[in-house]
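Visitor: Quick one, what's the 3D model for this:
(chains A and B)
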There are 2 protein chains.
Amino acid sequence: MSTADLARFSVNQMTVRQLSLPDLVDACVALGVPGVGLWREPVRRYGVQAAAELVGDAGLTVTTLCRGGFLTATDPVERAEALGDNHAAIDEAATLGTDTLVLVSGGLPAGSRDLRGARERIADALAVLAPYAAQRGVRLAIEPLHPMYASDRCVVSTLAQALDLAERFPAHQVGVAVDTYHVWWDDQAPAQIARAGAAGRIHTFQLADWTTPLPEGVLNGRGQLGDGAVDMREWKRCVEAAGYTGPIEVELFNERLWARDGREVLAETAQRFVEHVIR
Amino acid sequence: MSTADLARFSVNQMTVRQLSLPDLVDACVALGVPGVGLWREPVRRYGVQAAAELVGDAGLTVTTLCRGGFLTATDPVERAEALGDNHAAIDEAATLGTDTLVLVSGGLPAGSRDLRGARERIADALAVLAPYAAQRGVRLAIEPLHPMYASDRCVVSTLAQALDLAERFPAHQVGVAVDTYHVWWDDQAPAQIARAGAAGRIHTFQLADWTTPLPEGVLNGRGQLGDGAVDMREWKRCVEAAGYTGPIEVELFNERLWARDGREVLAETAQRFVEHVIR
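Guide: Got it, this is the predicted structure:
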């Protein structure tokens, strides 16, 4: 595993959430990992400015901040709160020096069955947020989540839907997050990646493998690279053919990985990245 | 709840799998349920010919037989076994007097990451099975399963994919199963239902609601009608606009429903059907 092998590797903080932010930074430096994707909650606990300094002093690139979004509420008070929270997320991204804020759009409001209406409310919110983000030097990345999250987490289920939303705005304001875990099953995804790439809208590329059986609640069963059904090299080729040359972030939500030593998991993940993605 | 209300209602046997076949038939007659969708395993345990007589004597229509399929193996012996099993399923459907055999296509073979190849092997198998089924008066209905089953159960995840396969064959040989549980999230599904209907390829229409959290393994959490995120009336309107006038089968895999009295669950399901689909 050479420095060149890891040149595009970024570890998302959730992959090793058992590590404190200083321990994560230490471990990245020790292994030669050049990038990290951060999450708002642990960053805010540490202090946003302090986190920016810690990561910057270590020479790490913050590839993304996860996450804004949850923009589907119908209740006016909830909508105002969500917009406020997303403005804060944009500010945090700017402070951290990352150019990309990932958005998980939100599910159906309680009792609603109106997917179309929910998707339209996301567009309304983006019209407010995208110009503000651009002023702060931050791009919004709409992340389609796997259709199994459509009711309770993200009504945007495909890259095509994400791009239909993104294309209402300039590419430097709104693009998409391509995460193999969410799109690997979709035979339309390669064409949509080409569509996104041609417009400069691939704002982040994330990897996780698909393993079964899925755990209850289906949140924390993302597979280590190489353990599942996803052809990682093929998806890398696909985004590269679309012109993407940026960081490749590994984002695993996995109870088994969280139960282990975080530094060991980071080393394993870097090794798997080299083995299943790069070589 | 009148006879007219239930004229198009069919209960899939899995919804009340706690009932023996004679008890299911009794309960249907008592409630005025005119149709049943049957499953191969319980039918074979009872005896296929005996089941055909039991159901026929009670005046019930067998709306579908579930299920054939699992056609994605690469190993020649496994492929031959799968074809043999599907020939048997076609014979059973003919004996039961149903015109529709539902196919669940199968997942990725162990260690494979080749979704495209698996989908192509389904087409190869259909070329053998479809003419045989047609000779027996049975139509094959390719059921796209929710993308969360793509690796381990069904590599056909959307109606578009199912129709791409079905359209290689005449409509009286191969069509699709439209099940709300599997397609409700898909904004392309209404257009694909129109495509299927225009060609006479909607071979069955099945209902289940989408509820969360999903249980471990994500198999047995299909919601009772009205309990979840699916707009049942809207999907009924959609298949009807596409020309579908046939039975509407309710197929729930749900541990909580299975733990209850089967006759009570059947009555509740019929009631929910009237309340959330018909009226």
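Visitor: Which residue comes closest to A:Ala133 once chain neighbours are left out?
Guide: A:Ile90 (4.7 Å; CB to CB, 6 or more residues apart in numbering or on different chains). C-beta coordinates here come from the backbone N, C-alpha and C atoms, glycine included.
Visitor: got a list of what that neighbour touches?
Guide: A:68, A:101, A:129, A:132-133, A:136, A:138 (CB atoms under 8 Å, 6 or more residues apart in numbering or on different chains).
Visitor: and if we set it to 10 Å?
Guide: Residues near A:Ile90 by CB atoms under 10 Å, 6 or more residues apart in numbering or on different chains: A:65, A:68, A:101, A:129-130, A:132-138, A:140.
Visitor: same question, A:Gly246
Guide: With CB under 10 Å, 6+ apart, A:Gly246 has these contacts: A:8, A:10, A:35, A:63, A:99-100, A:202-205, A:239.
Visitor: any idea how far chain B is from A:Arg263?
Guide: Distance, A:Arg263 to chain B, using CB to the nearest CB, to the nearest Å: 29 Å.
Visitor: Just confirm that residue contacts A:Val25, I think it does.
Guide: No: using CB atoms under 10 Å, A:Arg263 is not in contact with A:Val25, being 11.8 Å away.
Visitor: show me where the stretch 101-250 of chain A has strands.
Guide: Using DSSP state E, counting those that start in this stretch, the strands of the stretch 101-250 of chain A run over A:139-142, A:174-179, A:202-207, A:209-210, A:222-223, A:248-250.
Visitor: For chain A, identify the residue most remote from the centre.
Guide: Distance from the centre of chain A peaks at A:Gly111, with 28.0 Å (CA atoms, centre = their mean).
Visitor: I'd assumed B:Asp227 was in contact with that residue.
Guide: No: the pair A:Gly111 and B:Asp227 fails to qualify as a contact (CB under 10 Å) at a distance of 11.3 Å.
Visitor: what about A:Asp5, distance to chain B?
Guide: Taken as CB to the nearest CB, the span from A:Asp5 to chain B is 22 Å.
Visitor: List phi and psi for that residue.
Guide: phi -60, psi -30 (degrees, to the nearest 10).
Visitor: residue contacts, it?
Guide: So A:Asp5 contacts A:32, A:270-271, A:273-275, A:277-279 (CB under 10 Å, 6+ apart).
Visitor: Now do the shared contacts for A:Arg263 and A:Val25.
Guide: A:Leu19.
Visitor: Between the two, which is the more surrounded one?
Guide: Between A:Arg263 and A:Val25, counted using other CB atoms under 10 Å in any protein chain shown, the more crowded position is A:Val25 (20 against 17).
Visitor: thinking again about what came up before, got a PyMOL select line for the buried ones in the contacts of A:Ile90?
Guide: Those of the contacts of A:Ile90 that count as buried under 16 or more other CB atoms under 10 Å in any protein chain shown are selected in PyMOL with:
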select buried, chain A and resi 65+68+101+129+130+132+133+134+138+140
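Visitor: Tell me which stretches of the stretch 51-200 of chain A form helices.
Guide: A:76-96, A:115-135, A:159-166, A:180-183, A:189-198 (DSSP state H, counting those that start in this stretch).
Visitor: So which of the ones you listed is the most surrounded?
Guide: Mean neighbours per residue, mean count of other CB atoms under 10 Å in any protein chain shown, is largest over the helices of the stretch 51-200 of chain A for helix A:180-183, with a mean of 26.
Visitor: That one vs chain B: in contact?
Guide: Yes: judged by CB under 10 Å from any CB of the partner chain, helix A:180-183 and chain B are in contact via A:182-183.
Visitor: So for that helix, mean pLDDT?
Guide: What helix A:180-183 shows for mean pLDDT is 98.
Visitor: Tell me which other helices or strands it touches.
Guide: helix A:159-166, helix A:189-198, strand A:202-207, strand A:209-210, strand A:222-223, helix A:232-241 (3 or more CB pairs under 10 Å, 6 or more residues apart in numbering or on different chains; DSSP states H and E).
Visitor: Please convert the contacts of A:Asp5 to JSON lines, extending it with pLDDT.
Guide: Rendered in JSON lines, the data for the contacts of A:Asp5 read as follows (pLDDT from 0 to 100):
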{"residue": "A:Gly32", "pLDDT": "97"}
{"residue": "A:Ala270", "pLDDT": "98"}
{"residue": "A:Gln271", "pLDDT": "98"}
{"residue": "A:Phe273", "pLDDT": "98"}
{"residue": "A:Val274", "pLDDT": "98"}
{"residue": "A:Glu275", "pLDDT": "97"}
{"residue": "A:Val277", "pLDDT": "97"}
{"residue": "A:Ile278", "pLDDT": "94"}
{"residue": "A:Arg279", "pLDDT": "88"}
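Visitor: out of those, which is most surrounded?
Guide: When neighbours are counted by other CB under 10 Å, A:Phe273 leads the contacts of A:Asp5 with 25 neighbours.
Visitor: so that residue touches A:Ile248, yeah?
Guide: Yes: using CB under 10 Å, A:Phe273 is in contact with A:Ile248, at 7.4 Å.
Visitor: which residues are common contacts for these two?
Guide: A:8-10, A:207, A:232.
Visitor: now the closest residue to A:Val183 other than its chain neighbours: how far from chain B?
Guide: In space, and not counting its chain neighbours, A:Val183 is closest to A:Ala189: 4.3 Å by CB to CB, 6+ apart. Using CB to the nearest CB, A:Ala189 is found at 11 Å from chain B.
Visitor: Right, I'll call it a day here.
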